[in-house]
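Novice: Need the 3D shape of this:
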Amino acid sequence: MSSEKYLAAMNRLAKWRGLFTGWQLGTRPKGDPESDAVRDHREATLIQRCEITALSGLLIKKGIITAEQYQAACVDEAGQLCEDLEQRFPGVRATDHGLVIDPSRVQGWMKNWRP
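Specialist: Sure thing, here's the model as predicted:
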């Protein structure tokens, strides 16, 4: 497989960024700072998802790890990331049903957020 084929596939996948940006913000021209930021983030998320799925699939197919080991590692990592985010955003905790927010604890860091 050539680098050109890889780049073409990643560029084709990245085209979806515009649809997701429009879905989130409405139609906006390129050059709009908010839209450009969302477009860049969506592109990174799409490509990372593709690359991580491909890499984990290869590791499992080659017998380097098992699907169970991969899933267990993801469970551990998700738990750690939730703990880290709870520290970053005191008063917010993720549950199986959504975020639980303690209004008395979020006032400080959330005061300058847009309504």
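
Novice: pull the longest helix from the protein.
Specialist: When the chain is parsed with DSSP state H, its longest helix is helix 33-61.

Novice: List the buried residues of that helix.
Specialist: Residues 35, 38-39, 42-43, 46, 56 are the ones in helix 33-61 that count as buried (16 or more other CB atoms under 10 Å). Quick note: C-beta positions are derived from backbone N, CA and C, even for glycine.

Novice: so how far is the next helix-or-strand element following it off the chain centroid?
Specialist: As assigned by DSSP states H and E, the chain's next helix or strand after helix 33-61 is helix 67-88. On the basis of CA atoms, centre = their mean, to the nearest Å, helix 67-88 sits 14 Å off its chain's mean C-alpha point.

Novice: Could you tell me which strands sit next to the next helix or strand after helix 67-88 in the sheet, and their orientation?
Specialist: Next helix or strand after helix 67-88 toward the C-terminus (DSSP H and E): strand 92-95. Next to strand 92-95 in the sheet, as set by DSSP bridges, lie strand 98-101 (antiparallel).

Novice: Name the residues that touch the strand it pairs with?
Specialist: 91-94 (CB atoms under 8 Å, 6 or more residues apart in numbering).
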